[in-house]
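Chemist: Return a 3D structure for these sequence lines:
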Amino acid sequence: MSKLLQRLSDATRSGVFRASRADDIVEATRGSALDVVRVPAASDPIGALATALAFPAWFGGNWDALEDALSDLSWRPAKGRVLILEGVAPGDDAGILVDVLRAAADHWAAQRVPFFAVLLDPQNKLSLPALYREA
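Modeler: Numbering: from 1, shown residues only. Just a heads-up that it's a prediction; the model follows:
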């Protein structure tokens with residue numbers, strides 16, 4: 001098992017991180033029991049997450065509903081989750097998104113289920129810890 005997969009499988013290390021590329025994450029998790037979902041860049045991050053995670057009809061489409069849905073995910077059973085978000089630009093919405101993702105990560109960590117939200121940030125503009133040390 002790679003060090004990256006070990007990290008992504010450890011619920012105590014759940015959280016919101018940045019990485020330059022998705023390839024290493026996808027490769028490390030291939031064949032694992034983790035639910036890895038790529039969320040494409042969009043002007044509406046709530047809608048992009050709802051689509052990528054196939055949120056149920058009850059989803060309300062606002063920040064509070066996003067936190068509720070991310071803290072449920074009963075329609076996507078898995079041993080853990082890794083969300084790879086592309087194209088999140090620094091700003092007010094990014095700050096709210098990170099807060100919602102952190103709340104979900106805290107919820108799942110308390111349940112002993114890994115939850116990692118990784119914002120792709122090739123230029124290191126986001127004030128988030130790196131998921132792993134890149135070469």
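
Chemist: contacting residues for V26?
Modeler: Neighbour list for V26: V36, R38, I84 [criterion: C-beta atoms under 8 Å, 6 or more residues apart in numbering]. The way it works is simple: take the backbone N, C-alpha and C, and place the C-beta from them, glycine included.

Chemist: again, only using 6 Å
Modeler: Residues in contact with V26 (C-beta atoms under 6 Å, 6 or more residues apart in numbering): none are found.

Chemist: Report the beta-bridge partner residues of the residue nearest the centre of the chain.
Modeler: The structure's the chain has its C-alpha centroid closest to A117; by C-alpha atoms, centre = their mean the separation is 2.2 Å. For A117, the beta-bridge partners under DSSP bridges are V16, L83.

Chemist: Quick one: end-to-end distance for stretch 62-81.
Modeler: This stretch, stretch 62-81, spans 21 Å end to end (C-alpha to C-alpha, to the nearest Å).
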